[in-house]
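Enquirer: Sharing a sequence plus its predicted fold:
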Amino acid sequence: MPLLLDFILDHTVAISGAIVALYFILCALYQLCFSPLSDIPGPWYAAISDLWLTTHVLRLQQCRIIDSLFAKYGPVVRVGPNKVVFNDLPTTRNVYSILKFDKSTYYKSLLTNDNDHAMTTLPHASHVFRKKGYAPHYTPTSLAHFQPEIHQSALELVNILGGIVNGGAIDCLSFFRHFMADVVSASSFGYGIGALSRWAVGIEDPLVTAIGDFPKRGILRSAIPAWAWKFVCSIPNRRWRRLCDSDKIMSEFVNARVYERRLQMVSGAPEQSDRVALVQRLLRYYAEVSSDTASDRDIVSEHMGHLVGGCDTTSTTLSYLCWELSRRADVAGKLQAELDTVIHDCKTLPDIAILQNLPYLGAFVKEGLRLYSAAPSLLERVVPNSSAKTAIPEAFDLMGYALPPGTLVATQAWSAHRNPSVFPSPESFLPERWLETGDNQGQLEAMNRHMMPFGTGSRVCGGQNLAQMALRIAITAIARNFDVVSPPETTETSMEMRDSFVIFPASMTCHLIFNPRKIR
Ligand code: HEM
């Protein structure tokens, strides 16, 4: 006995190491051979640990790697000990639209003001309450009242681009983010914030910087332990502090707008009955359902969610669309020819009803949303516990595999939009694929069924009508008035997509030159 004790004491490190190694081997064996998910195809190293997928998340290449797994293993792949991804239309409908699984905790990295908003509310039931508050604002009829402000901002784009001397290149990502900050703020608070005008004279807009910084802050925040966050934020570097404070900068801005509108309401200032800004709608909604002023916090977070969800997504899409105009003279020519038939003077933009009926403009924007979906990543959901109410059995049958409650399941637009049997030459930008030819009805229906740039089902993008409107109006204003050219620094390599829930170019910039067209 003393001998055994001596041996243990002499080899403590080695024995501890062996125990830890044995533990990991047993865990790996369990995941590979005995877990309820062990029959699902996929790389063995993904099945035993989340580490492998995390490395691809960090390399900002998750969408591509998941897509390559579908090509290798088929439409259902196990990508983690507890995570299964699928690429199948009926299953997508089942999970997101029919059974409406709750979101996973991944979304908590997008909390604003340390509080939930519609996008981060995980359970389906509480989400319904939030959605009821904001959804009426984004109907086409309600948004039509904000068209004058969107036109004004689009014409400002034209003015600013027209005033750039010597054909200098601008960074479209930043330029369009400022445009979208004006658009979203007009619809949210009733007026634009002059972000584009400030951009034009080189003044940094702290709100727009904060909107751009917020997703990066979210990633950092989820990677750094809560106790260390305060310390990390106190690093004395101005730019760094701005990034850490992006949540605070946005919340102070929105708080002031909410306070301002509340004052107007209590002072009895007359309200317009048809042109209702989102802030007014939310104040009314929360006042009806709760007398608690704590609901102001929910209103502020909701607005912040829309600024974050709406600005970068739409500006990235606009940037990629302009890049396509710069390298595809054939596409630019067709679009300009169509726009020239409805725009006769560079200072007036047609009503959205006219733009919605232009086939080539529609095809161009749709192809952009397909190939350059701004949020094409896995939309994670959780298999719920069985319940008589949701009629979900003990295990969820995913294409023949029984998944226990708690399993994470997800699909991604990246793959749905690149299915070669639905979208021939999926990596090519071909607006023509969306044009009606008289005998392609079946093909168009199949393509439409596979499109999910705005997500799908009960958690589909709340602002998709606003995004569609802003995209059409901005592209019309630009393509009608400018020929877009790429400077040498903007290349296939610099524009290669990277993803971290949303996409962005590898160089994090999109420099383009806008040369005025020789028409009035
Ligand atoms: C091209 C532009 C846009 C794209 C590609 C896009 C994409 C998406 C996607 C994929 C989702 C679903 C996320 C999920 O299921 O987990 C989503 C949700 C959402 N988006 Fe967008 N979005 C865009 C523009 C906008 C705009 C302009 C706004 C508002 C100003 C907005 C507000 C929202 C909101 C509030 C949600 C959460 C919906 C809910 O759960 O109720 N988005 N978006």
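Expert: Received, thanks.
Enquirer: Around the residue in the chain positioned nearest to the ligand, how many other residues sit close by?
Expert: The nearest approach of the chain to the ligand comes at residue 463, 2.1 Å away (C-beta to the nearest ligand atom). For every residue, glycine as well, the C-beta is placed using N, CA and C. Per other C-beta atoms under 10 Å, the neighbour tally for residue 463 reads 23.
Enquirer: Show me which residues of the chain are close to the ligand?
Expert: Taking C-beta under 6 Å from any ligand atom, the part of the chain that reaches the ligand is made up of 118-119, 131, 184, 305-306, 309-310, 313-314, 317, 373-375, 379, 453-455, 459, 461-463, 466-467.
Enquirer: let's go with 5 Å and repeat that
Expert: Contact residues, the chain versus the ligand (C-beta under 5 Å from any ligand atom): 118-119, 131, 184, 306, 309-310, 313-314, 317, 374-375, 379, 453-455, 459, 461-463, 466-467.
Enquirer: what's the first-to-last distance across stretch 111-120?
Expert: From its first residue to its last, stretch 111-120 covers 6 Å (C-alpha to C-alpha, to the nearest Å).
Enquirer: can you check stretch 451-462 too?
Expert: End-to-end for stretch 451-462, by C-alpha to C-alpha: 16 Å.
Enquirer: Go ahead and name everything in contact with it.
Expert: Identification of contacts with stretch 451-462 by C-beta atoms under 8 Å, 6 or more residues apart in numbering yields 92-93, 95-97, 100, 103, 118-119, 124, 127, 131, 134-135, 138, 306, 309, 366, 369-370, 373-376, 379, 413, 416-417, 464, 467.
Enquirer: for that stretch, what is the average pLDDT?
Expert: Stretch 451-462 comes out with an average pLDDT of 98.
Enquirer: Give me the distance from it to the chain's centre.
Expert: 10 Å (C-alpha atoms, centre = their mean, to the nearest Å).
Enquirer: Okay, buried residues for that stretch please.
Expert: Within stretch 451-462, the residues that count as buried by 16 or more other C-beta atoms under 10 Å are 451-457, 459, 461-462.
Enquirer: so which of those residues comes closest to residue 142?
Expert: Residue 142 lies nearest to residue 462 out of these, by C-beta to C-beta, at 12.4 Å.
Enquirer: Could you find the closest non-adjacent residue to the spatially most central residue of the chain?
Expert: The chain has residue 375 as the residue nearest its centroid, 3.7 Å off, counting by C-alpha atoms, centre = their mean. Nearest non-adjacent residue to residue 375, counting by C-beta to C-beta, 6 or more residues apart in numbering: residue 502, 5.1 Å away.
Enquirer: Could I get the phi/psi values of the one you found?
Expert: Dihedral pair for residue 502: phi -100, psi 160, per degrees, to the nearest 10.
Enquirer: Check residue 115 too.
Expert: The phi/psi pair for residue 115 (degrees, to the nearest 10) is phi -140, psi 160.
Enquirer: quick one: it and residue 296 touch, right?
Expert: No - Residue 115 is beyond contact range of residue 296, at 10.5 Å (criterion: C-beta atoms under 8 Å).
Enquirer: Tell me where the protein has strands.
Expert: Under the criterion DSSP state E, the chain contains strands at 76-80, 83-86, 102-103, 170-171, 381-382, 396-398, 401-403, 408-410, 482-485, 497-500, 502-505, 511-516.
Enquirer: related to what we said a few turns ago, and the residue nearest to residue 375, how many residues sit next to it?
Expert: Around residue 502 there are 17 residues (other C-beta under 10 Å).
Enquirer: contacting residues for it?
Expert: Counting by C-beta under 8 Å, 6+ apart, residue 502 touches 215, 312-313, 316, 374-375, 377.
Enquirer: And residue 48, by the same measure?
Expert: Contact analysis of residue 48 by C-beta under 8 Å, 6+ apart lists 27-28, 31-32, 81.
Enquirer: Give the residue spans of the stretch 151-300 of the chain that score low on pLDDT.
Expert: Low-confidence segments of the stretch 151-300 of the chain (pLDDT under 70): 272, 291-294.
Enquirer: To clarify, my last question referred to the stretch 401-520 of the chain.
Expert: Low-confidence segments of the stretch 401-520 of the chain (pLDDT under 70): 520.
Enquirer: And the helices in it, which stretches?
Expert: Along the stretch 401-520 of the chain, the stretches classed as helices by DSSP state H, counting those that start in this stretch are 413-416, 441-450, 464-481, 492-495.
Enquirer: can you redo the ones you listed as CSV with mean neighbour count?
Expert: What follows is those, written out as CSV (neighbours: other C-beta atoms under 10 Å):
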stretch, mean neighbour count
helix 413-416, 24
helix 441-450, 13
helix 464-481, 23
helix 492-495, 14
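Enquirer: Redo the ones you listed as TSV? Include distance to residue 68.
Expert: Shown next, in TSV, are these (distance: least, C-beta to C-beta, whole Å):
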stretch	distance to residue 68
helix 413-416	10
helix 441-450	19
helix 464-481	29
helix 492-495	19
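Enquirer: Mind checking which of the contacts of stretch 451-462 are buried?
Expert: So, by 16+ other C-beta under 10 Å, the buried ones in the contacts of stretch 451-462 are 92, 95-96, 100, 103, 118-119, 124, 127, 131, 134, 138, 306, 309, 366, 369-370, 373-376, 379, 413, 416-417, 464, 467.
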